[in-house]
Structure formats: structure tokens, C-alpha cells
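Participant: Make a model of this:
(chains A and B)
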Amino acid sequence: MKHCPYACHTSDHLVNRRLFLGGAAAGFAGLTNPAAARELAASQKRMLVIFLSGGVSQLETWDPKPNTDTGGPFRAISTSVPGVHISELLPLAAKRMHLLTLVRGINTAEDEHGRGATIMLTGRRTEPGLKYPEVGAVAAKLLNTTTPELPGHVQITPGGGSGFNKEDAAFLGPKFASVTLADGKPPADLPRPAILTTDADREREAFRQKLNAKFAQSRRSAQTEAYTESFEQASKVVAKANAFDASREDPKAADRYGRHDFGRHMLLARRLLEQGVSFVKVSHTNYDTHHENFDFHIEQLGEFDRPFSMLLDDLSDRGMLESTLVVVMSEFGRTPRINDRYGRDHWSKAWSVAMAGCGLKAGAVVGKTNANGTAVTDREVNGGHLFHTYFRALGLDPTKNFHPAGRPIPIADPKTSAITELLV
Amino acid sequence: MGSLRCRLLAAFNACLALFVAPVCAEESLHQRIDQKIAAGLANYDQLAAPLAGDAEFLRRITLDLTGRIPPAAETRAFLADKSSDKRTKLIDKLLASPEYARRMQEYFDVMLMDRRRDAKVPGAAWEEFLRTSFAANKPYDQLVREILSNDGADPKTRAAAKFFLERDLEPTIVTRDISRLFLGQNLQCAQCHDHPLVDDYHQEHFYGIQAFFNRAFLFPDAKDAKAVIAEKAEGEVSFISVFDPKKAQKSTPPAVPGWKPIGDPKLEKGKEYTMAPAKNVKPVPAYSRLSKLAAAITANENIAFRRTAANRLWAMMLGRGLVQPLDFDHSNNPPSHPQLMTMLADEFAGHHYDVKWLLREIALSSTYQRSSEGSPKSQNIPEHRYAVAILKPLSPEQIGYSMMQATGLTDVYRNELAKTLTEPTLQTKLAPNLGPFRQLYGAQPGEPEDGFASTLDQTLFVKHGNHVRNLIAPRTGSLVERAAKLAEPSLIAEELFLTVYSRLPADDERRELAELLRPAANRTNTLTEVVWAMLASAEFRFNH
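Facilitator: A predicted model of the protein is given here:
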């Protein structure tokens, strides 16, 4: 299932080659004509997901219910959009509500972390025998990147190991699987090791090319082409390894985003999006607040609000927000009921997602929950509707099919459809 | 070979009219393979590539039958051998070697288990089961019966139950994989309705297979690492086509697609169990549906089984199946050579599923031994006409073993083991080095390993990774160290090309290498980079 046997023997790699050549040309234009490069960067569609891991509380963020039995201690504050209120824990985001779009009627009916994340990231429930690609892999495949020197699907995690993943692209193949930058660090094998000098690297590459050219005189296939070309592509990524280094950004920007891990990761996300990476996911942890929900949300959202707002400003100022879809999601929300440890538990029946940018009506709010937030009362949607909406917003048709092993599989769940009232 | 079948064939064969009978009766399968392949393309003899040279043949057959490139010493000896039957002798030697059983073990492990993680059967026990099966040349149908009939209860034979146990007996996945691997029919798309694109694949086929084990379950439960397969005496599969507006509920008894269902015996009330179900008790039904599965799948009348078995062995050797994709055998996707497919399948079954015999016949064919070097006249011939040998990407295991052989690490281990050198002792030393290759080049667990992708992580692993750099690094007896001790650039070229590419260098390659080595400074460093370039080249990455 991983590789499509039809594609591999036909034109897939050739298409890729054309893309690659197109990218090389664009890179050249970029060097000689900064204005053209800016224009190109602005028109290329991208997607940023901020994943608030563990399950952020909708009541302490986008759908506050102050002065009710479930509301908790925080106030709701007015925002830059008249009539729309959000939690006082997001004062900077409130000033940017005119850039945001809220979906308040989400019911994903899945209270387990892993399966909840699957619904939000693939737009489908877990099914035996078939894995669906994550949104980042789909975006990397469908958003023709103009700079294939960099991987199209990158995720920045707070910790763990950096490296290349296989599974999250499912049947789309490893080409679209994510590269993880744990704590923002690139995979170990990406930078050229010091022991290999530039000269030695150049010489051995030249000899490798010579050997391949000779072999290709009488023996070549789409597979041998793809193999030999992968070295040229890798050299380009290595040459652009600085794209992964947020410390090269202006220190003033680092101050603005906040001198903490999440601030640094968000600044790196901006850098990657600017360099033409199609999809970036930044995870912020941990919102799984079964205990002391309110203290934890003060702390966590205090860290989230500033870099999120700065990134919105920067994308907006640089003219990139029109072409960049931003989504703030979790695996689910948190219970309206406050438990006896001042915590909130897992809750998927009525929660919210915030979006911004590309293809969306700025300032719009769709969906409603009841007075104390225990049920959706208007425009109920699930992970499938959201998945459709992302790709419609990006100007794509998610009702089309992928064809792994010749079998048609719709890009987004055909039982659901886009939230069209949010779309421009 | 003189089997009854051959004599019958000979009796009816039209060629009797043209040639004397004994010649025809003596025709081996490999000759008949070549006739069928030649008949598949007009002017085949003029268009097809010539037979591969000795070096090309040696590398190909060694990779296919032992999973690694040949050591340089074997290459030198084979090239120097002047006897006319040296290819036949080589094939027989490789099939008799312990490396053959290891190669088959690894190939069938990936095929049957899709690199699933070991949760219920240790990998080592399963590998040993496969390895000893292939070493003893166990008939393939018997091997499959052992896999499909084991309930995991007997610790001595539990390994064979891995196919079921690691899939947690999950009905959708087990049904899909039985149909895919043993019947050549991926029925997954027929789970919810008759296959939308394939007329031959029906929803009742999917549930007919599932009905063999719909009463089976893991006892005490799927979470237990020591779980065994238990069975109930009742329970039917039921299904509704999602395309059926009436939503009619259907059922089917156990059945192999295309064959009459297995009738369940009527059991007297109260005598359904020899061990009745109770709390913490493994029930034993008086009649077991699951016990009928292995025989039904491998039954002589089930042509799909022998076709799939023969097609998969053909694909292992030739680089694509006569039926391609391997699990898409149906009337609208006929084999590239329908008569050859039938003949291979029937001969394999007629020879009691003798795996070594079939591989030997395939290896002896000119079709297998054709050169992979294309020419302008063969340029536009599709690969399924077998006019030019297909370039096969090395499997993750083949890359690993071949890199260890090429860089000399395997020889270093051989020297270290000295008198204690056997295939298993050498394997113990090689195996730990395989991990990164499997991790990077293998498919993800639970996904079939088909197709080819060249990914950034693989390329960076070769370019910058410690693992490959350490393999190349000079050590006593390693390739770089051996080559650095030679004075004459031409001898260095021979050592490098024989060891890494299993062939002698051409004149221009000798000259190029001499030029690279001309600067006197640090020859070892230069050789390290040259060996790297050879390992990273397409000539090494593919079995050609």
C-alpha cells in the first residue's frame, strides 16, 4: 500500500523531476530578483498547524462561558470583532480576532488521545486495515511546492528525537512523510559531518555522478533515475540546512516571540514557511489538565498567546497570511464539568478550533454551544468537515480521489463536506 | 524429468509432428519457459538482449539466491572457470548453501509478516521455523498448511502461528492477507460491496474466507503476549452491500473463492463442545471451522493457490510477476504470458511444490539469464515482455549484507571466526549491523513491501551517516586497507571493482581511477571516497 506500484513504473518520478527542475529555475530567479521571489513566496499556498497537545480547554480559549456552573474563574473579554468574546487568557489573540475564524460547534465523539488526534489529523476515524495520510502529508502532496530543495512536511515537537517519519504519509508514500525537528533541531544526518571536508565531498560526488552516467548509458529505469536524483536533491537540502536554524533570525524577533521553547519553535515555523515549506506543524504541550486546569491554562496559554499573535502579525505584514492557512487544534477539548481536583477531563462533544488566513472569512464565527457549553446547538461539525474546509480554503478540491494501488480513496471523508460559510 | 505430466504433454504437443519424440519429452521446464517468453513478442529472438556475461550472471544469481553480492574471491574463481556447465554448477551450489535458507527466510518473513513488530511470537523462533523449512526444502503447500493450521498452543510449534497471532486474528486484516498472499486476489475492496473495478471479486468471497475463522478468537485476550487461538461452536458471518438499497443481510458458510462451500456438520444439541465455554476456560468445539482452512486454501483444485505461489517465486527472480500486481489476479488483468503462468503453476504443484526445483528451472532459463543492458532496438519494449533483464532494487537486507560484503566487514568477521566460521556464527555478527538498513529502507510495519521509493533519509544515511562511514573505514582486512596496500593503480581498480561491483573494471575506469590516485597525498582518504561513490551508485543499488 505504501508505494503505488502503478505510479512507480510510470510518470511519478518524471513529474517529480519536472517539479525539481522548475524549482531550480525559481531558486535562480529568487537570487537575481528579490521582488519576484517575494511575489512567489506570497502566492505559494502553505499551511501551519499549531497542535495544543493533550487537549486545550475551549472554555479557557475560544468559547468562554463566564458566570455559569461550568465557566471557571476567568472572564470573557471583547475582541477586535464587535460581539465576539474570548477568554481573558488570550489578550493578544483577542486584539487579532479580525484575522481569525472560529469554529465553535465541533463534536468529534472520541475521548481517547490517540484516536482523537487521528480524527483531527486525518479527518477520519481509525479503521482497521487502512491508514489515512495526515493533513501535513496531504498538504505536502497537493500544494505544489516551488522550492523542493526542502521537505514539504515538517513538524516541530517540544522534545523527543529529530528524524524522518514514515507512517504519517500512509499510502501517499515516504516522500510526503514528515521530518521532525525535535526542539527545533534538524535530524543528525542532515548537516555535513565535519570529518567530511568540502573538497572530499565534492570529489566523491563527482565520481559518483561519473559512475552513474556510465551505468545509465545502457541501464536506466524510472527507479534508477529516482535513485540517482535523490542524491542531487539531498545536496540541495544540505545546502539549505540553515533554513532549519532559527538562531539565524533577528534577535529582536526572538525577543518579540518570547525567549522560551515555544517562542523559538514558532519563529522557526515562520522561517520554514518563508523558505517555502508547504506544511509546518508546531506542537505545544501539555494541556491534559485533569488536575489544576486553571493554573495550567494560565501558564500554557500565557506562553501560547504571544508567539501565536506575533506570527499572525508577521504573516499578515509580509502579505503571507492570504496564502497561509493557520489552524490551532487539539485532539479534543475539555469537560465543561470541573472535577474535584479543579481539573477538566477529556471532552469531544462540544469544542472549538481557531483558524486564520488563506481562503477564510476573517472574523467569522461558525457554530454555537449551549449556555454552559455542554452541547452543540448550531452547525455541528466533526473532523471530516474540518478536513474538507482546510483543503477548500487552500483552493483544492478534497472530494477528488487518491489512487493507491489503483483503488480510489477520497481525499476527505465523503460522508462530510466543507464548512462553506467560512470560505471566502 | 519424465513425469507423467510431461509425457502427456509430449503426446499432445504439436511439436511432435516436427521433431523426434525423445527431444520433446526431454524438454525441461526452463526450455519451455524460454519458448513461452519468446512466443510473447514478435521477433523476440532478434530484439532480446543477449545472455548476460559471467560477472553479471554471478552477481544476479548470488543476490537472488543468497541475498548478498559474492565475495571477490568467488568472483575471481568463477570468471577464471572455463567449464561449460559452470552456471548450472553455481546455481546448484547456491541452492545447497545455508545462505539460501537465510535469504528465503528473510524474503518470506517480509512477505508474510510485513515487518510487523514481534508481540506474540519472538522473531527468532519464527525466523528459525522459516529458515529450517527452506533449508529442508519443505514443500511450499505444506509450509502454508503449517502456518494456517497452528493455534499457538504447543510451545514447540507456536512460531508457525505468528501469521495469525501478530494480526490479532483481526478479521478484516487476516481475510485480506490470506486472499492477497495465498490466492493472489486482494479482496479488501470487496469487504463492503462487490469490488467496484474487478468483476471477479465478490463480497461473498471476502466473507467466505472470513467464515473459516469468524468463530475463532484469541484466548484469554488479544492483549496477552501468550495468547492462543480458541474457537466457538457457533456464529455466522453476515454482510450487507453498501450499494444495496434494500440493505439485504447475507451470510455465507466457509468457502474458498470459486469453490463450493465447506458444509458445517449438524451437531446434536448439547454436544457442540468437547470443552464447553466457561469463565477462564478455553473452549474446544466438537467441530472446528478453522481446522478446514489450511486444506481448503492449498487444495489441489484451488488453482489460485498454485498460481500465486509460482507467480511470487517468479517475481522474486525476475523482478515482476507474470501476474502483476502480485495480488491482482483476475480475468481483466491477465498474466503477461497466460500459458506460461498456467504451466509454471501446474508444474510447481506437479513437483509437490518443490521450491528449489522451481527456482533452479527459472535460474537455468535464458529468460532469467538475459543481460540487463538495453540497446536502441529493445528500448521501447515493455518490461513485461522480458526482452531485457529487469533492474531490481536491492531489498533492505540485500543492501545491508552487500555493503558489509563490499566494504570487507564480512571478510573481517570471517577471519575473526576462523575455525568457528559457520553460516549461523557469521550471521550472529552480521545481524546487528542490519538494523539501520531495515529501519530506513523497509516499509512501515503492517504495510506490504512493494514498489520503490528513494527518500531523503535514506540518501542522507548514505551521505552523512556514521553507519555507512564506519563500514567503509579502513580496518585490517577491509577493502580500503587491502586496496591501499597495492602499488599498481590498475590492480587497485581490479580489487575495488571485483569487490564492490563483482566485475572487472573497463579500461576507461582503470584510467579514471589512476587519475584520482595520482596526487600522492593520503591515498587511504581517496580510496575511502572512491568506495563510498561506488556504494552510493546505481550499479550497486540495483540487482542488474
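Participant: CA atoms for contacts and neighbours, from now on please.
Facilitator: Fine.
Participant: Close to chain A: what parts of the stretch 301-450 of chain B are there?
Facilitator: B:325, B:372-375, B:391, B:393, B:443-444, B:447-450 (CA under 8 Å from any CA of the partner chain).
Participant: ok, and the most crowded of these?
Facilitator: B:A443 (27 neighbours; other CA atoms under 10 Å in any protein chain shown).
Participant: and the residue nearest to it when sequence neighbours are not counted, what pLDDT?
Facilitator: Distance criterion CA to CA, 6 or more residues apart in numbering or on different chains; nearest residue to B:A443, sequence neighbours excluded, is B:E449 at 5.4 Å. On the pLDDT scale, B:E449 is placed at 79.
Participant: Checking my notes, B:E449 in a strand, right?
Facilitator: No: counting by DSSP: H, G, I helix; E, B strand; the rest coil, B:E449 falls outside a strand, being coil.
Participant: can I assume it is in contact with B:M113?
Facilitator: No: applying CA atoms under 8 Å, one finds B:E449 not in contact with B:M113, separated by 10.1 Å.
Participant: gap between A:K252 and A:F308?
Facilitator: Remark: distance between A:K252 and A:F308 (CA to CA, to the nearest Å) = 16 Å.
Participant: Have a look at these two and say which one is more surrounded.
Facilitator: Set A:K252 next to A:F308 and count neighbours by other CA under 10 Å: A:F308 wins out with 23 against 9.
Participant: Tell me the buried residues in the helix or strand where that one lies?
Facilitator: With secondary structure defined by DSSP states H and E, A:F308 is part of helix A:293-317. Judged by neighbour count (16 or more other CA atoms under 10 Å in any protein chain shown), helix A:293-317 contains these buried residues: A:293-294, A:296-298, A:300-301, A:303-316.
Participant: count of neighbours near the residue of chain B found nearest chain A?
Facilitator: Closest residue of chain B to chain A, CA to the nearest CA: B:A533 (4.5 Å). Counted with other CA under 10 Å, the neighbours of B:A533 add up to 25.
Participant: Contact partners for it?
Facilitator: If you count contacts by CA atoms under 8 Å, 6 or more residues apart in numbering or on different chains, B:A533 has them with A:204-205, A:207-208, A:211.
Participant: and chain B, which of those residues contact it?
Facilitator: Checked against chain B using CA under 8 Å from any CA, the contacts of B:A533 yield the following neighbours: A:204-205, A:207-208, A:211.
Participant: Format the contacts of B:A533 as JSON lines; extra columns: neighbour count, pLDDT and distance to A:S78.
Facilitator: Shown next, in JSON lines, are the contacts of B:A533 (neighbours: other CA atoms under 10 Å in any protein chain shown; pLDDT from 0 to 100; distance: CA to CA, whole Å):
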{"residue": "A:R204", "neighbour count": "21", "pLDDT": "95", "distance to A:S78": "63"}
{"residue": "A:E205", "neighbour count": "22", "pLDDT": "96", "distance to A:S78": "60"}
{"residue": "A:F207", "neighbour count": "21", "pLDDT": "96", "distance to A:S78": "66"}
{"residue": "A:R208", "neighbour count": "23", "pLDDT": "97", "distance to A:S78": "63"}
{"residue": "A:L211", "neighbour count": "18", "pLDDT": "97", "distance to A:S78": "67"}
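Participant: which regions of the chain lie under the pLDDT threshold?
Facilitator: Picking chain A for this. Within chain A, the stretches with pLDDT under 70 are A:1-43, A:145-148.
Participant: that's the wrong chain, I meant chain B
Facilitator: The model of chain B has pLDDT under 70 over residues B:1-26, B:520.
Participant: most centrally placed residue in it?
Facilitator: In chain B, the centroid-proximal residue (CA atoms, centre = their mean) is B:Y107; its distance is 4.3 Å.
Participant: Which single residue in the stretch 101-250 of chain A comes nearest to chain B?
Facilitator: Of all residues in the stretch 101-250 of chain A, A:R208 sits closest to chain B, at 4.5 Å by CA to the nearest CA.
Participant: Distance of that residue relative to B:W532?
Facilitator: As judged by CA to CA, A:R208 and B:W532 stand 8 Å apart.
Participant: What parts of chain B come near chain A?
Facilitator: Contact residues (CA under 8 Å from any CA) of chain B with chain A: B:172-173, B:189, B:325, B:372-375, B:391, B:393, B:443-444, B:447-457, B:459-461, B:464-465, B:529-530, B:532-534, B:536-539, B:542.
Participant: And the strands in the stretch 351-500 of chain B, which stretches?
Facilitator: For the stretch 351-500 of chain B, the strands defined by DSSP state E, counting those that start in this stretch occupy B:392-393.
Participant: Enumerate the helices of it by residue range, in sequence order.
Facilitator: For the stretch 351-500 of chain B, the helices defined by DSSP state H, counting those that start in this stretch occupy B:355-364, B:366-369, B:396-407, B:409-417, B:423-430, B:435-441, B:456-464, B:466-472, B:479-484, B:489-496.
Participant: To A:A93, which of those lies closest?
Facilitator: helix B:456-464 (37.6 Å; CA to CA).
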